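# Sequence and predicted model, in that order:
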Amino acid sequence: MAADGPAITRLIAACAPLDVNSAYCNLLQCTHFADTCIVVERSGEILGWTSGYRPPTEPNSFFVWQVATARAARGQHLARRMINALLARPAAEGVTHLIATITDDNAPSWALFKSLSRAWGVPLTRSAMFDRDAHFAGAHDTEWLARIGPLPSRNSRNQDQEA
């Protein structure tokens, strides 16, 4: 919902090494992609945000754009639970792979994707998607495509919710 935009923008800014999107980008995600994004709140405070979408050129995949967890909610598997909840939504029906781009230095994201891969018993592969020099003119680290799948059934993934 658009009203969450400012708090989401603040949360992302507090979660280095995430790229800080414009407030406008976050508002578009909250509205245009509401079915594939999730906010977790406690006592009116946003503790978690995961945004994603199904790429038009790869509709069987779910692309995780960002996962942000407030310091107060870390260590509680919130990121994993948000992804499982998103994949359980009707908007994710038929998804066979979970994908994201991650820089080498983003240890929390790599740990999350490795954890999901282990929990679901499926492979995690990695390949360069956007190269530092070829695509970012040296101004941003290489973004590696992390791909998990083929995903287990929804029921199998939902058993991971409590883990």
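Yes, it's here.
# can you pull out the strands in this protein?
Counting by DSSP state E, the chain forms strands over residues 37-42, 45-53, 61-69, 97-102, 124-130, 143-148, given from the N-terminal end onward.
# List the buried residues for stretch 63-80?
Of the residues in stretch 63-80, those with enough neighbours to count as buried (16 or more other CB atoms under 10 Å) are 63-70, 73, 77-80. Placement of C-beta: from N, CA and C, glycine included.
# nearest to Pro90, of the strands of the chain?
Shortest separation from Pro90 across the strands of the chain is recorded for strand 61-69, at 12.7 Å, computed as CB to CB.
# Show me what the closest one pairs with in its sheet, parallel or antiparallel.
Taking DSSP bridges as the criterion, strand 61-69 sits next to strand 45-53 (antiparallel), strand 97-102 (parallel) in its sheet.
# now the biggest helix by length in the chain, how far from the chain's geometric center?
As far as residue count goes, and with DSSP state H defining each element, the longest helix of the chain is helix 107-120. For helix 107-120, the distance from its own C-alpha centre to the chain's C-alpha centre is 11 Å (CA atoms, centre = their mean, to the nearest Å).
# What helices and strands are in contact with that helix?
Counting contacts by 3 or more CB pairs under 8 Å, 6 or more residues apart in numbering; DSSP states H and E, helix 107-120 packs against helix 78-88, strand 97-102, strand 124-130, strand 143-148.
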